[in-house]
Structures are given as structure tokens and as C-alpha cells.
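Asker: Next one to model:
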Amino acid sequence: MAKHNTFQNAHNFVMNHPNFINNPLTVQVSQPEKRGLQILLGASIRAATYDSSEHPRHCHPGTRIRHIDQIVNWALETPDHSCRIFWLKGPAGVGKSAIAQSCAEEFAAQKKLAAAFFFSRPNQREDPQRLFTSISYQWTLKHKSYADILQSTIHDDPTIIDKELSHQFYHLFSSPLQELDTEGEGAPKRVVIIDGLDECAGVTAQQTIVEIIAASIRDHTIPFIWLICSRLEPHLNATFNSPEVSAVTHQEELTVSRAIDNEIAKYLTDELAKIGREYDPQLPWPCERDIGTLINLSSGLFIYANTVVRFIGDSDSLGPEDQLEVICTLATGVTQGSSEHPLSELDSFYLLIVQRIPAKILQTVKWILLATRFLGNYVRPIRQLLGLSPSQFHAACRTLHSVMKFDWDDIVFYHASFMDFMQDPQRSRHFCISSESGLALRTKLMQRLQALLAESFHDLIQADSDNNSEDDASAYENIVIGFLFLSSTLPWDAAAIATLESFNFKKMAELWAPNIWAPFEIGTLFSHIPEEDRSRIVQLCEGSHVDTFMRKVVQTPDRASWSASSILGCGQHRCFCWYCPSDGLLMLRPYIDCSTVEHPTTGQPMPDEAPHTLLELQSTVTFRRPFW
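Answerer: Numbers count the residues shown, from 1 in each chain. Next up, the predicted model:
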């Protein structure tokens, strides 16, 4: 490549205060390093902030004012060392997230917000390891001295972001904030909001987060005060009511109550009038009678009213009047208070929505929803898994405008209650995605895998029209993830077990390139196989002599958990399934038996009792071929 000199033919010139622009496509000019903060940002969830494109809706103007004022006044008036946690609790659908969003906006306007994090299980914002990193990064944007310390600290030790939660909290908050306090630059009192704590992955993690925050308040290590919103789950109730936590916590419960009918009426009237004006400016709509019907159907649930508005405003419908008429027909079939379930009225509405899905695409819609459980909300992997074109995918999802939005890249669910509904056979009945639909999808994926393993998967996988080898590998990975997930969560009958016994797990592992995040508890892998059949298909890696053999012969990954790993398959079709609990990764590797290992002295194949022989020899063994 020819060299270019900017000043090659220049003569007799002077540069006064030159300013060179760093163009990443040309020569790199030295810039101050920000590696530590870049690492912190990479370990954060940007979509979980209050001002992201996926933030929850705030409360409708003129509604939930009492609760918002109560929280804002508590935050601004809380003494330095009194109750610095406000726990807003209540069932699904009562408006906790909307209140949290409104409070975040109010605190931000007053420059009192340190950070906000909105957990969302259906939108894959549930990783506890990324809560404190996200809060920390948001605070670096508001406090330069704190940002300088974090930049240096994480630059020197990037493993901080991977530490267990209490150590992570210490390094991200306690230590740097105490250092600032010592230097006379103590951080001001600011509010941190954590919404949807019950949607954080893992009961233990949820409890640990609360206990860490409470301990920091008791020990006076950080100046933050905390608004935490969650459902009233038994384990959270026990944690917040423990002596250590309750001493620093104020609790407030939101209930399903008809006392807020006037607020729901204001919301429905304003939003439906807006829809009516967009459809027909001359239309005096809706009438008081229809508003009254919708209020009764909402039965004290704001999530019902929110879903009604989206349903009526669906641009793919015959118009808002027709949509409203459909909803009002529910009033004749719903007896208020007829069920002990607090979401029984919402369930009726959700049933109405899924019943309107055309029969010919219903299975595809259910598979799309099911796939979000193990592939996340990314459109391309789901399309690859199901072999759908972009137009087919969007045609299917268009039927669910009321409960989720989507574009060419992502799916976003409006509320966790819809996926709760779709996964509960008692609530969604034959529309449930976790029973027959799951079994049908698992059968389809197993058939695709068998075809791929019998041939070249590059020739068989059809992703998009612009299909290439990277698409093939990605699609194969998604199919394997789906197959393992559904295998770990659904039952196996005799016919399926017979197919499983001949399944070539070894070749599946040989074609396997990456390590994957396991969207399921590894201990449940194939646990739904009857116990009398299970040992033929899955064997746990346990026993001290086996442990020594495997670690020497098959080179167990250092971070793999022995007791949580398995050997999958039968006979010559086996593979190792290593599980690494520290990062939730699965590693699939072909199985190597004793006959493939040479005796370090004789060079002959090791006998069946190789595990015991290796215990005695305590020497390094070699392979006839590399393991990986």
C-alpha cells in the first residue's frame, strides 16, 4: 500500500493551536483511555434505564398522584440514617412499573436520580450480575470524581464485573464512595430505583440484592436511598420482613381495588378520545356507557385498561368502533369477582386476543412465543429456528399488537402478565405454549437435527435468502439450544425415548463451535425421562475415580462443575455436556472412551479399568487425536 504524507509538498507554513481529528478509518491519534468505563458499560443493560427506548409507560397525567407524591416526599425528606428503602409491593398489573417510571422522571427533573433499573423477564432483562454494573455506570455519568475512580479500578481489574454480588457491590460502590468521602468529595443523597425485582433471575439473587442494600444502609457505606418495586412473593416478603431489613425499610402495598375506578376512567376517556379523533375527527366517541363497561371489565387493574387501549387502537383492525364492540361482548360472559385469581378478568381479555389469531398461523405464533424463552427477544435467531422469512414472521406477530411490539430486530412485551398467562395451562387452556406446542416444536427440532447430522448442515439449513455459512452456523446453534431447552422442560414418552436412544449426540457436539448460555437449570436436563430409562440416555459425571479419569483424559474445562455435568447419548453416539455455573455456559464435546487413549508406557489402548489405572499412574496421557 502506498504511503501518504499530508505535508509532502507543503512549504513555509505555521500551525497555530492545531486540532487533529481522530478518524477511526485513518491514523489513530492517541486518546485518553476509557477502557474501565467501556468494560462497565459492556456489563450493563442499556435497555433497563428509565430513559431507554424500552422504558415502561409513566402514569397517565392526573392518575396515581397520591402514590407518586408519597414516594417523592419520602425520598426528599428521609433523614440520613432512617428507613432508606421504600418497598412498593403488589400483584401483577396494578401499575407498579408506571409509578416507578413516573418517579424516575420526577427525580431526574429535580436532579435527585442516581440510577434506575427496570427488570423484565419476558424481555430478557433479568440477569442479577448486571444490576449493580448498570446502576454504577449510570452514576458515573452524573459524578465525575466517582467515574474517575471506577475507570482506574476496573481498568486495573476487569474481573470486578464478574464477581459475586456482594464483592461486586463493594468494589463498585462502597470502596469508591468511601474514598471520595475521605477526600471530602462525598456523594450527595440520591435515589436509586429498582423495578420488577421479582423478575430478576433466581430467588436467591433477589434476596441477596435486598440484603446487600440493607447492609450498606446499616453500615452507612453509601449515600443512596432505594425505591424497590416487586410483586409480593413469599420469599421477598420474608426477606423484607426480616429484622435486619425491616429496620431500614418503609413498605407500601398496591392492591387490586375498585377505589381507583375514577383514575382508570380518566385514562380510558382521554386515550380513547385521542384514538377516536385520529380515526374520525367528527366522531363523538366513546360514549359514557362504553367507558363504564370498560371500567367494570378492568376491575381495578391498570394493565387491563392499558391493553384495552392498545387493542382498540390496533391499526390492522377494522377500526376502533369494531374493536370496542368486540371487547364489550366480554361483559356478558364475565362475572365480576367470580374467580379467586386476581387476573381472572385480564385472562378473559388475553383469551379474546389469542382466540382471534387465525388457525393456520396459531401454531407458528405459539412457537415464536415459546422461542423467546430460550433465544431471547431477538427476531433473527427465532426466524432461523423456525425457518421463517421476515414477511412470515411479521405476519404472525402482527396478531399480537395489543400485548407486544416488534420491529425487524427485537420483540418487546408490554407486561410480564401475558407470558405468565401463555405458560399456565390452567389460564390459557389449549393456547398454552408449554405443553403440546412445546412437544411439537421439540419433535420438529429433533427431526431437523437428525437430518443435519446425517448430511452437511451447511447444505440443509435454510435461513434467509442471503444465507451464508455464518447464518448456517448460527441457525444450527439456535436449533441445538432449543432442543436442549425443551428436552430439559418437557416430558418424554416411550416413542420419543426410542428416538432419543439412537440420536447422534457425538456428531452434534463435533459440529458444535461455540459455548452457549444455558437458559435452563442444567440439573433438569432430561429429568423428565422416566427414571428406569434415564440412565441409558443421560449419566451424571460423578464419582471420585471417574473424576480423576475425566479430568486427565478428557480435559474437563477448569470452570466446569463436575456434579452438574453429564454424558448424553448411548453407545458410540455419546457426548460430554459440561456446565459452568459461574457464567451459566454449556460446553458440548465429543465423548472419548478408554479405547482412544494410549497407555503412557506401553502405547497400547487403555483397558476398561482405565480410571483406576490412571489413579495409580498419576501421569500425563496422550491422545491419538486432539480432543478439541
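Asker: now the closest residue in space to residue 258 that isn't next to it in sequence: how far from residue 61?
Answerer: In this structure, residue 258 finds its nearest non-sequential neighbour in residue 300, 5.0 Å apart by C-beta to C-beta, 6 or more residues apart in numbering. Glycine gets a C-beta too; all of them are placed from N, C-alpha and C. Distance of residue 300 to residue 61, given as C-beta to C-beta, to the nearest Å: 20 Å.
Asker: re earlier: just list the residues touching the residue nearest to residue 258, thanks.
Answerer: Contacts for residue 300 (C-beta atoms under 8 Å, 6 or more residues apart in numbering) come out as 94, 255, 256, 257, 258, 259, 260, 261, 264.
Asker: before we move on, which element is it in?
Answerer: Taking DSSP states H and E as the definition, residue 300 sits outside all helices and strands.
Asker: confidence score at it?
Answerer: Per-residue confidence (pLDDT) for residue 300: 87.
Asker: what do you get for residue 549?
Answerer: 50.
Asker: Residue 405 now?
Answerer: 87.
Asker: do the same with residue 459
Answerer: So residue 459 comes in at 54 (pLDDT).
Asker: Same question for the one 3 residues further on.
Answerer: Reading off the confidence values, residue 462 has pLDDT 48.
Asker: next one: residue 19
Answerer: Reported pLDDT for residue 19: 44.
Asker: For the host helix or strand of residue 446, C-alpha coordinates in CSV please.
Answerer: Using DSSP H and E, the secondary-structure element containing residue 446 is helix 436-454. What follows is helix 436-454, C-alpha atoms only, in CSV (Å, rounded to 0.1, in the frame of the first residue of the first chain):
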residue,chain,number,x,y,z
GLU,A,436,-48.5,-29.7,23.2
SER,A,437,-46.9,-26.8,21.3
GLY,A,438,-43.6,-27.4,23.1
LEU,A,439,-43.7,-31.1,22.4
ALA,A,440,-44.5,-30.5,18.7
LEU,A,441,-41.6,-28.0,18.5
ARG,A,442,-39.2,-30.4,20.2
THR,A,443,-40.1,-33.1,17.7
LYS,A,444,-39.6,-30.7,14.8
LEU,A,445,-36.2,-29.6,16.1
MET,A,446,-35.1,-33.2,16.7
GLN,A,447,-36.1,-34.2,13.2
ARG,A,448,-34.1,-31.2,11.8
LEU,A,449,-31.1,-32.1,13.9
GLN,A,450,-31.2,-35.7,12.7
ALA,A,451,-31.3,-34.5,9.1
LEU,A,452,-28.5,-32.1,9.7
LEU,A,453,-26.3,-34.7,11.4
ALA,A,454,-26.9,-37.2,8.6
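Asker: can you give me how far that helix is from the chain middle?
Answerer: Relative to the centre of its chain, helix 436-454 is centred 25 Å away, using C-alpha atoms, centre = their mean, to the nearest Å.
Asker: now stretch 297-308
Answerer: Worked out by C-alpha atoms, centre = their mean, stretch 297-308 lies 25 Å from the chain centre.
Asker: can you check stretch 193-206 too?
Answerer: Worked out by C-alpha atoms, centre = their mean, stretch 193-206 lies 11 Å from the chain centre.
Asker: Number the residues from 23 up from this point.
Answerer: All right, first residue 23 from here; so that's stretch 215-228.
Asker: Can you pull out the residues in contact with that stretch?
Answerer: With C-beta under 8 Å, 6+ apart, stretch 215-228 has contacts from 72, 78, 118-119, 122-123, 125-126, 129, 135, 137-143, 147-150, 153, 187, 231-232, 248-253, 255, 257-258, 261, 438.
Asker: Go again with 7 Å.
Answerer: The contact list for stretch 215-228, computed with C-beta atoms under 7 Å, 6 or more residues apart in numbering, reads 118-119, 122, 125-126, 138-143, 148-150, 231, 248-253, 255, 257-258, 438.
Asker: Show the buried residues in the residues you listed.
Answerer: Listed as buried from the contacts of stretch 215-228 are 118-119, 122, 125-126, 138-143, 148-150, 231, 248-253, 258, 438; burial here means 16 or more other C-beta atoms under 10 Å.
Asker: circling back: could you give the average pLDDT over the helix holding residue 468?
Answerer: 89.
Asker: all strands for the stretch 373-522 of the chain, in order.
Answerer: Remark: strands assigned in the stretch 373-522 of the chain by DSSP state E, counting those that start in this stretch are 426-428, 433-435.
Asker: Deepest in the core, which of the ones you listed is it.
Answerer: Sort the strands of the stretch 373-522 of the chain by mean neighbour count, taking mean count of other C-beta atoms under 10 Å, and strand 433-435 sits at the top with a mean of 20.
Asker: which neighbours does it have in its sheet, and in what orientation?
Answerer: strand 426-428 (antiparallel) (DSSP bridges).
Asker: sorry, back to before: what is the helix holding residue 468 packed up against?
Answerer: helix 381-397, helix 491-511, helix 527-532 (3 or more C-beta pairs under 7 Å, 6 or more residues apart in numbering; DSSP states H and E).
Asker: for the first one, what is the average pLDDT?
Answerer: The average pLDDT for helix 381-397 rounds to 94.
Asker: And for the longest one?
Answerer: Per-residue pLDDT values across helix 491-511 average out to 82.
Asker: now swap in the last one and tell me
Answerer: For helix 527-532, mean pLDDT is 87.
Asker: And it, what's buried?
Answerer: 527, 528, 529, 530, 531.
Asker: what residue lies at the spatial centre of the chain?
Answerer: In the chain, the C-alpha nearest the mean C-alpha coordinate belongs to residue 146, at 1.7 Å (C-alpha atoms, centre = their mean).
Asker: quick one, phi/psi of that residue?
Answerer: Backbone geometry at residue 146, expressed as degrees, to the nearest 10, gives phi 60, psi 30.
Asker: Name the nearest residue to it, sequence neighbours excluded.
Answerer: residue 398 (4.5 Å).
Asker: Next: residue 320.
Answerer: Residue 320 sits nearest to residue 326 (C-beta to C-beta, 6+ apart), 4.2 Å away.
Asker: What helix or strand is the one you found located in?
Answerer: helix 324-334.
Asker: which residues sit against that helix?
Answerer: 115-117, 120, 286, 289-290, 293-294, 297, 316, 319-320, 342, 345-346, 349, 367-368, 371, 375, 423-425, 437, 439.
Asker: now that helix, how far from the centre of its chain.
Answerer: Worked out by C-alpha atoms, centre = their mean, helix 324-334 lies 24 Å from the chain centre.
Asker: same deal with stretch 531-551?
Answerer: 18 Å.
Asker: Quick check: buried residues in it?
Answerer: Buried residues in stretch 531-551 (16+ other C-beta under 10 Å): 531, 533, 534, 538, 540, 541, 542, 544, 547, 548, 551.
Asker: now, which of these sits nearest residue 418?
Answerer: For the buried residues of stretch 531-551, the residue nearest residue 418 by C-beta to C-beta is residue 541; the value is 21.8 Å.
Asker: how far away is the closest one from residue 139?
Answerer: Going from residue 541 to residue 139 by C-beta to C-beta gives 21 Å.
Asker: Give me the number of neighbouring residues for the closest residue to residue 433 other than its chain neighbours.
Answerer: Once flanking residues are discounted, residue 433 sits nearest to residue 399: 4.2 Å by C-beta to C-beta, 6+ apart. For residue 399, the number of neighbouring residues by other C-beta atoms under 10 Å comes to 22.
Asker: Then residue 451?
Answerer: Residue 451 has 11 nearby residues by other C-beta under 10 Å.
Asker: Show the end-to-end separation of stretch 276-283, please.
Answerer: 14 Å (C-alpha to C-alpha, to the nearest Å).
Asker: residues of that stretch that come out buried?
Answerer: Buried-residue list, stretch 276-283, by 16+ other C-beta under 10 Å: 276, 278, 282.
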